[in-house]
Every structure is written in C-alpha cells, then in structure tokens.
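A.B. asks: okay, sequence plus prediction incoming.
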Amino acid sequence: MKILACAEPGLLVYGEKETSIAQPGESLIQIKRIGICGTDLHAFEGTQPFFTYPRILGHELAGDLVDPNGAEGFKQGEAVTFIPYFNCGHCIACRSGKPNCCTSIKVCGVHVDGGMVEYLAVPSYALVHGEGLSYDELALVEPLAIGAHGVRRAAVQPGEFVLVIGAGPIGLGTMEFARIAGGEVIAMDMNEGRLAFCKDKLKVNHIINVTTDDVMARLSEITNGDMPTVVIDCTGSLRAINNGFQYMAHGARYVLVGLQKGEISFIHPEFHKREATLMSSRNATRADFEHVIASMKKGLVDPTNYITHRVQFDDVKAEFESWLNPANGVIKAMVEFNI
Ligand SMILES: [Zn+2]
Ligand SMILES: [Zn+2]
C-alpha cells in the first residue's frame, strides 16, 4: 500500500509498505479522507513539541471498514471515522471516564503512525459509525469534537455570552458548538478575514478585532456591562491566554483549548474576586463525537464552510507547504483517496 511519511521536519516522502492487517482487537479501515490540521502542519514545520520522526501524519480520518474483525455492531463496508486518541483503559483518567486525557495516551498520527496510508488498522474500541454522513463530514468530526468538548467543559447555558478567542479551525468549531448550546457567541481574532468568515459563514453576531478594537470597551458594550461568563481560548498563544483572564465576568469559567509551551500568569486578586474557574480541555470523548455527528445530521453544522482546499493523496507532498502560508487562507485542507 502507498504511504506518505514525514521523514524529518520539512520532508514528506512517499513510500510503499506491506498492506496493514487487523490484529486481534483491531479493525481495518480503507482511508478515503484525511483532514489536515495545525498539528500536522506544525509537525511538518518542526515546531510541534515532543514530536518524533519519522512519523506518518493524519488523525482526522474517514474511510470504509474493510475488516471489522469482530468489532461489535460494525458491518464490513460501512463508512466510519474513529476516535484517534488511543488510551490504556486502566489509568486514573480512563477509570474516571476521561480517556481523552489518559496518562499514557497515544494520539494516532502524533505518537503512533496515522492515516496518510491506504489502509489503517485501529483499535476496534475507537470506531465510530458513519451514520449516513459523507466522507468529508466524517473527516471533520474529530476537529469539531475538540471544540464541542471545550463547550461541554464550560457547560455553556442558553443565553450566556461566550467569548471565543481565536478563529482558526478549532475556534470556529468551538463557536459553532457554543451557538448550538444556546450561547451568544463573541468571536475575537486579529485576522480580519477570519472574523469576516465568522460573521458571514457562521453567523456570529459579535466580532472583535483584538488589534484594532478597544477590547474591554467592546466586550462591556456587547454584554451590557456584564462581560462574558464563558471565555474559551483557542489560540494557544501565551499573550492571548494571559489577556483572557481580564475578559471574564464575575463567576465566569475560562477554558483553555489551545495549548502553549510556557507558564501562564494572572493576578490572583483579580481572579479571586471573580470566583473564576480555570480549566483545560484536552482532545474529546465519544460523547463529543456523537454530539458532533448528531449536529451534522440535523444540519446545524455545514462542512462545506470548512473545506477550503482539496487535493488527491498523490499531490499532498507538492501542496503541503503552501498550506502553511496564511496568505492562502486555509481553514481545512482535505486529502482524498479515490480508489
Ligand atoms: Zn487535528
Ligand atoms: Zn489510561
């Protein structure tokens, strides 16, 4: 079977490998779509922390189940996606129903080889039914589930103001699921094009450009002086995260979906007087995947909003670097296998 590996930063290499087979406890998927995300781009750039090479990238996947290998309830030939966070099943997180933050998690395409292959064997417990969705939609479930999980962590209530900082693919998904939860979304970014996208495509009513607007005044105006009761960071920028603390209403929750490498800091009396809650949000759970799929089936999320670039598997190497250039306006590049 054909594979595409990231041999070292900046170098993608096509190769051939013996076609995978499903070992006990695994099922075999013929890959049809691979969504490209920030993790893949950073791995290629060499800026993804703790990343080792060579590695086959790709964790936003859809395909046909060619060998269920006994996976309960799954049929040969059905379209599937899967939860690409492989977990140990017995650590404290797994025992607490939080396999998304398993102490020895192995993310497919990050810690173990991923989906830039024709056939991929995955743990059967990770399979997710396609439920009649298209391959494009199924490949978008994982990145959207990240946002859905952040919104679930925040326990967004109908009518409350939810400030989402960062309008990249994860931020956009977070805005959609905050809206689906009934929140009044405020989108903040420094990129006018992305903010225009939020307004035009996602119908976000409140837009703040952090570089040109008086952020505190705008937030106060939008929220009638209250400030947002939920703030969700999807930038992973240290400065953005540190600034986010001051945007919270008294009693607010602050959820960090984005990840950065340094130490965050905030003024304790300011945090304390708000009786604020700070939490991180890592990956997503099966419940989030199911929520995303149900929302797609109801037409609450339109996958065509996200896919800005589309290539065949054989052209990934030639195109990959261009997706790093912000001028190309990539939201989601989708790789197709047409066999
Ligand atoms: Zn991703
Ligand atoms: Zn575990």
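C.D. replies: That came in fine, so what should we check first? Ligands and ions are numbered 1, 2, ... in the order given.

A.B. asks: and the helix or strand hosting residue 107, what does it pack onto?
C.D. replies: Element membership for residue 107, per DSSP states H and E: strand 106-107. With contacts defined as 3 or more CB pairs under 8 Å, 6 or more residues apart in numbering; DSSP states H and E, strand 106-107 has these neighbours: strand 85-86. All C-beta spots, glycine's among them, are computed from the backbone N, C-alpha and C.

A.B. asks: which residues touch the strand holding residue 107?
C.D. replies: 59, 84-87, 112, 283 (CB atoms under 8 Å, 6 or more residues apart in numbering).

A.B. asks: which residues does the residue lying farthest from the centre of the chain contact?
C.D. replies: Relative to the C-alpha centroid of the chain, counting by CA atoms, centre = their mean, residue 269 is the outermost residue, at 33.1 Å. Applying CB under 8 Å, 6+ apart to residue 269 gives no contacts.

A.B. asks: host element of it?
C.D. replies: Using DSSP H and E, residue 269 falls in helix 268-273.

A.B. asks: check which residues of stretch 193-208 are buried.
C.D. replies: Buried residues in stretch 193-208, counted by 16 or more other CB atoms under 10 Å: 194-195, 197-198, 202, 204, 206-208.

A.B. asks: how about stretch 317-334?
C.D. replies: 319-320, 323, 330-334.

A.B. asks: what's the ChimeraX line that selects buried ones from the contacts of strand 106-107?
C.D. replies: This is the ChimeraX syntax for the buried subset of the contacts of strand 106-107, where burial follows 16+ other CB under 10 Å:
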select :59,84,85,86,87,283
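
A.B. asks: closest to ligand 1 out of the contacts of strand 106-107?
C.D. replies: residue 59 (5.6 Å; CB to the ion).

A.B. asks: contacts only, for the closest one.
C.D. replies: Applying CB under 8 Å, 6+ apart, the residues contacting residue 59 are 37, 39-40, 84, 107-110, 114-115, 142.

A.B. asks: residue 333 is in contact with residue 308, isn't it?
C.D. replies: Yes - here residue 333 reaches residue 308: they are 7.2 Å apart, a contact under CB atoms under 8 Å.

A.B. asks: and the residue of this protein nearest ligand 1?
C.D. replies: Closest point on the chain to ligand 1, by CB to the ion, is residue 37, at 3.0 Å.

A.B. asks: show me what from the stretch 101-250 of the chain comes close to ligand 2.
C.D. replies: Residues of the stretch 101-250 of the chain lying close to ligand 2 (CB under 5 Å from the ion) are residue 102.

A.B. asks: now do the strands in the stretch 101-250 of the chain.
C.D. replies: Taking DSSP state E, counting those that start in this stretch to define them, one finds strands in the stretch 101-250 of the chain at 106-107, 119-123, 127-129, 161-165, 184-189, 206-209, 230-233.

A.B. asks: could you export these as CSV, including mean pLDDT?
C.D. replies: Shown next, in CSV, are those (pLDDT from 0 to 100):
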stretch, mean pLDDT
strand 106-107, 96
strand 119-123, 98
strand 127-129, 98
strand 161-165, 98
strand 184-189, 98
strand 206-209, 98
strand 230-233, 98
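
A.B. asks: out of the buried residues of stretch 193-208, which comes closest to residue 147?
C.D. replies: Relative to residue 147, the closest of these is residue 202; by CB to CB it sits at 11.5 Å.

A.B. asks: show me where this structure has helices.
C.D. replies: 38-45, 92-95, 135-154, 169-180, 192-200, 215-222, 238-244, 268-273, 286-297, 316-320 (DSSP state H).
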